[in-house]
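Novice: 3D model of this:
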Amino acid sequence: MASPRTITIVALSFALGLFFVFMGTIKLTPRLSKDAYSEMKRAYKSYAKALPGLKKMGISSVLLRKIIGSLEVGCGVVLTLVPGRPKDVANFLLLLVMLAVLFFHQLVGDPLKRYAHALVFGILLTCRLLIARQSEDRPEREESREEHINVQEKNKVKQS
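Specialist: Numbering: from 1, shown residues only. Presented below is the predicted three-dimensional model:
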């Protein structure tokens, strides 16, 4: 039977992956929701206006939206379908995207209800990454503790 930690990581990976595939697709195409797509276009125009440095680098609001949407779709697919270390890389990239999105919302002065989802999913991504990293580190700690106990027992035997 799988450990609770493994079940948690798999469930979080799958749910987060599907969410980011959905949100990234909304940023890239109006097929899922024309209203949400229009809202994304409007929002990214305001982000691009608030960051004049992007325009100097040749990054328009459309390109910014497509970059973030593509990252979300790509990383979401990896979180949902790909096993192993690539999930952690995708998780980290999505966490960086969420931080950028939070920055954009703060920059344009959006109210909390407009970016609460980014906060929640940023926290979930952080939790998933911490749980995944914890499960990898634990066996090494237990082995080193056992070695330490064995050394202490040998020292006690030598002193007797």
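Novice: Gly74 and Pro86, how far apart?
Specialist: As defined by C-beta to C-beta, to the nearest Å, Gly74 lies at a distance of 11 Å from Pro86. Yep, even glycine has a C-beta here, placed from its N, CA and C like the rest.
Novice: between the two, who's got more neighbours?
Specialist: Gly74 (16 against 13; other C-beta atoms under 10 Å).
Novice: distance of that one relative to Phe19?
Specialist: Applying C-beta to C-beta to Gly74 and Phe19 gives a distance of 14 Å.
Novice: with Leu51 instead?
Specialist: For Leu51, the distance to Phe19 - C-beta to C-beta - is 26 Å.
Novice: kindly report the same for Thr25.
Specialist: 11 Å.
Novice: do the same with Ser60
Specialist: Taken as C-beta to C-beta, the span from Ser60 to Phe19 is 26 Å.
Novice: more crowded one of the two?
Specialist: Phe19 (18 against 13).
Novice: that one contacts Gly76, correct?
Specialist: Yes. Counting by C-beta atoms under 8 Å, Phe19 does reach Gly76; the two are 7.1 Å apart.
Novice: buried ones in stretch 89-102?
Specialist: For stretch 89-102, burial by neighbour count (16 or more other C-beta atoms under 10 Å) applies to Ala90, Asn91, Leu93, Leu94, Leu95, Val97, Met98, Val101.
Novice: same question, stretch 43-56
Specialist: Ala43, Tyr44, Ser46, Tyr47, Ala48, Leu51, Leu54.
Novice: so what's Val101 closest to, chain neighbours aside?
Specialist: Ala118 (4.7 Å; C-beta to C-beta, 6 or more residues apart in numbering).
Novice: and if you look at Leu99?
Specialist: Nearest one to Leu99, counting by C-beta to C-beta, 6+ apart, is Gly122 at 6.9 Å.
Novice: per-residue pLDDT of the one you found, please?
Specialist: Note for Gly122: predicted pLDDT of 94.
Novice: how about the contacts made by it?
Specialist: Leu95, Met98, Leu99, Leu102 (C-beta atoms under 8 Å, 6 or more residues apart in numbering).
Novice: can I assume Lys87 is in contact with Val78?
Specialist: Yes. The criterion here is C-beta under 8 Å, and Lys87 meets it with Val78 at 6.2 Å.
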